[in-house]
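S.K.: after the sequence you'll find the predicted model.
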Amino acid sequence: MILDSNKIAAHNDGLFTAHKNKLVFSVSEIAESEAIIKKLVDFQIAIPSWALGTGGTRFGRFPGGGEPRSIEEKIEDVGLLHALNKASGAISLHIPWDTVSDYKSIKALAAQHDLKFDAVNSNTFQDQANSEYSYKFGSLQNVNKAIRKQAVQHNIDVIQQGIELGSESLTVWLADGSNFPGQLNFRKAYENTLESLQEIYEALPSNWKLFLEYKCAEPNFYSTTVADWGQSYSYVKKLGDKAKTLVDLGHHLPNANIEQIVAILLMEDKLGGFHFNDSKYGDDDLTAGALKPYQLFLIFNELVEGMDARGMNHATDLGWMIDASHNIKDPMEDLLQSVEAIMIAYAQALSVDRKALEIAQNENDVVKAQEILQNAFRTDVRALVAEARLRSGAALNPVALYRQLAVRENLIGERGLKTVATGL
Ligand code: LRH
Ligand code: MN
Ligand code: MN
């Protein structure tokens, strides 16, 4: 299904007057709103291929119908999202959940939808149909050298596939760890993992990055071999300049100060990118901003401050991606909501009065500092985000248009009701 641009224009015409009225008010309230809108136009958030189908839990799965059955259909779905919001211009593949046989035609299809290929993700947390060894006791950490070799080779294969597609980064997330005390020699697990990562790092092209994602628990429930940002940092520091830490918002122990982690990693030039989602308990993979929008804003506040201090380009110098996949919403609506929440947090962070905040900090004026941040957080920036969409040719209200055009019903018509996308 391809969205007709006339339908977007008609939708925008209907909402235009109300939008302009809100925008005039927002512009009068927010300093430098024109510069903020321009930055929002440039900002793109990649969509993970595995989030396009309804995610399940180990207790059940409730597929919604019309889910993408192939990589081509996944690209088409991200193309739809991008047409609706012009802020989802990249897809991130997970290998081998996604298998590409004809690179040329896949690249042409992506280009037709104005999409790039974001980070490629390797998968050594599941056994693959025709692989020789099992990852039951870990992959890059495994006590058995042959198993480590198999996992390293898989990562190298993923890099090769990424090169074909024009990706420029590999994300490594390891399920490696242990379930019971005594199961693992922590030091040896670390050393094996480091050696394996070094072999993968050596296969990286010069313009590539390796993102090492950490996670405090799950699927192992006693120890995780890359458990937190400090452990990821320790590996990526040894690996070299192309290796960076990836922050997935759902992978922290409760109440972790993620914004502080982000600030320090940025300062150390070791922040690689993000997996956005939201959670209350753990790796819940809920819609970004659904539960803790203030935390999302505080994270963006540190990102804007730290990236500007280092002269970094907000749009291109870090990897921005959603990693959320839940089982009760239409995944496409969910992704539109996540992108919107991320854009709002980014716009709010851009609107922070940095000079005034610096003065307040230098004067230890705690009250003033809080006023400045909360003023930015409580200011409605939605009209700026919508204006960025309007200028990019996207819909003023993507979720409303998605429903108005009955996109899901059309997809069910095309693909059927009983479809299961590969992924979680
Ligand atoms: C692990 C994770 C990681 C995987 C994805 C499917 O919890 O966040 O990024 O690749 O989920
Ligand atoms: Mn993740
Ligand atoms: Mn996760």
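M.R.: Yes, it's here. Numbers count the residues shown, from 1 in each chain. Ligands and ions are numbered 1, 2, ... in the order given.
S.K.: mind listing what's buried along stretch 190-198?
M.R.: For stretch 190-198, a neighbour-count test (16 or more other Cβ atoms under 10 Å) marks 190, 192, 193, 194, 196, 197 as buried. Heads up, the C-betas are built off the backbone N, CA and C, glycines and all.
S.K.: same deal with stretch 141-160?
M.R.: Using 16+ other Cβ under 10 Å as the test for burial, stretch 141-160 gives 141, 142, 147, 148, 150, 151, 152, 154, 155, 156, 158, 159.
S.K.: closest one to ligand 1 out of the residues you listed, please.
M.R.: Taking Cβ to the nearest ligand atom as the measure, ligand 1 sits nearest to residue 158 out of the buried residues of stretch 141-160, at 11.6 Å.
S.K.: CA-only coordinates of the host helix or strand of residue 158, as PDB, when you get a sec.
M.R.: If you go by DSSP states H and E, residue 158 is part of helix 145-165. As requested, the backbone C-alpha atoms of helix 145-165 are provided in PDB (Å, rounded to 0.1, in the frame of the first residue of the first chain):
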ATOM      1  CA  LYS A 145      36.000 -21.800  21.700                       C
ATOM      2  CA  ALA A 146      34.100 -23.400  18.700                       C
ATOM      3  CA  ILE A 147      30.900 -21.900  19.900                       C
ATOM      4  CA  ARG A 148      32.500 -18.500  20.300                       C
ATOM      5  CA  LYS A 149      33.900 -18.800  16.800                       C
ATOM      6  CA  GLN A 150      30.400 -19.600  15.400                       C
ATOM      7  CA  ALA A 151      29.000 -16.500  17.100                       C
ATOM      8  CA  VAL A 152      31.900 -14.300  15.900                       C
ATOM      9  CA  GLN A 153      31.400 -15.500  12.400                       C
ATOM     10  CA  HIS A 154      27.700 -14.800  12.500                       C
ATOM     11  CA  ASN A 155      28.500 -11.200  13.500                       C
ATOM     12  CA  ILE A 156      31.000 -10.900  10.600                       C
ATOM     13  CA  ASP A 157      28.300 -12.300   8.200                       C
ATOM     14  CA  VAL A 158      25.900  -9.600   9.500                       C
ATOM     15  CA  ILE A 159      28.500  -6.900   8.800                       C
ATOM     16  CA  GLN A 160      28.900  -8.200   5.300                       C
ATOM     17  CA  GLN A 161      25.200  -8.100   4.700                       C
ATOM     18  CA  GLY A 162      25.100  -4.600   6.200                       C
ATOM     19  CA  ILE A 163      27.800  -3.500   3.800                       C
ATOM     20  CA  GLU A 164      25.700  -4.700   0.900                       C
ATOM     21  CA  LEU A 165      22.700  -2.700   2.100                       C
END
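S.K.: residue of the stretch 101-250 of the chain closest to ligand 1, please.
M.R.: residue 173 (3.9 Å).
S.K.: ok, now which ones touch the nearest residue to that residue once chain neighbours are set aside?
M.R.: Once flanking residues are discounted, residue 173 sits nearest to residue 213: 4.1 Å by Cβ to Cβ, 6 or more residues apart in numbering. For residue 213, the contact set (Cβ atoms under 8 Å, 6 or more residues apart in numbering) comprises 171, 172, 173, 226, 232, 245, 246, 247, 248, 251, 275.
S.K.: double-check that the second one belongs to a helix.
M.R.: No. With the criterion set as DSSP: H, G, I helix; E, B strand; the rest coil, the secondary structure at residue 172 is strand rather than a helix.
S.K.: wait, what's in contact with it?
M.R.: So residue 172 contacts 122, 140, 155, 197, 200, 210, 211, 212, 213 (Cβ under 8 Å, 6+ apart).
S.K.: which helix is the longest one in the protein?
M.R.: Looking across the chain with DSSP state H, the single longest helix is helix 5-29.
S.K.: tell me the helix or strand right after that helix.
M.R.: helix 33-42.
S.K.: what comes up buried for that next one?
M.R.: Judged by neighbour count (16+ other Cβ under 10 Å), helix 33-42 contains these buried residues: 33, 36, 37, 39, 40, 41.
S.K.: partners of the next helix-or-strand element following that helix, with directions?
M.R.: Using DSSP H and E, the helix or strand that follows helix 33-42 in sequence is strand 47-48. Here strand 47-48 is paired, per DSSP bridges, with strand 90-92 (parallel).
S.K.: report the buried residues of the strand it pairs with.
M.R.: Along strand 90-92, these residues count as buried under the neighbour rule (16+ other Cβ under 10 Å): 90, 91, 92.
S.K.: show me which residues of the following helix or strand past that strand are buried.
M.R.: Per DSSP H and E, strand 90-92 leads on to helix 103-112 as the next helix or strand towards the C-terminus. Residues of helix 103-112 classed as buried: 106, 107, 109, 110 (neighbour count, 16+ other Cβ under 10 Å).
S.K.: tell me the mean pLDDT for helix 103-112?
M.R.: Across helix 103-112, pLDDT averages out at 98.
S.K.: okay, now the sheet partners of the helix or strand following that helix, with direction.
M.R.: Going down the chain from helix 103-112, the next helix or strand is strand 116-117, by DSSP H and E. Using DSSP bridges, the strands paired with strand 116-117 are strand 90-92 (parallel).
S.K.: got a list of contacts for the strand it pairs with?
M.R.: For strand 90-92, contacts defined as Cβ under 8 Å, 6+ apart pick out 44-49, 74-75, 78, 110, 115-121, 171, 321.
S.K.: repeat the analysis, applying 7 Å as the threshold.
M.R.: For strand 90-92, contacts defined as Cβ atoms under 7 Å, 6 or more residues apart in numbering pick out 44, 46-49, 74-75, 78, 110, 115-119, 121, 321.
S.K.: could you do stretch 224-235 as well?
M.R.: 141, 174, 176-177, 189-190, 193-194, 197, 212, 214-217, 245, 261, 265, 270.
S.K.: which ones among those are found in helices?
M.R.: The helices, defined by DSSP H, take in 189, 190, 193, 194, 197, 261, 265 from the contacts of stretch 224-235.
S.K.: any idea which of those residues is closest to ligand 2?
M.R.: Ligand 2 lies nearest to residue 261 out of these, by Cβ to the ion, at 15.0 Å.
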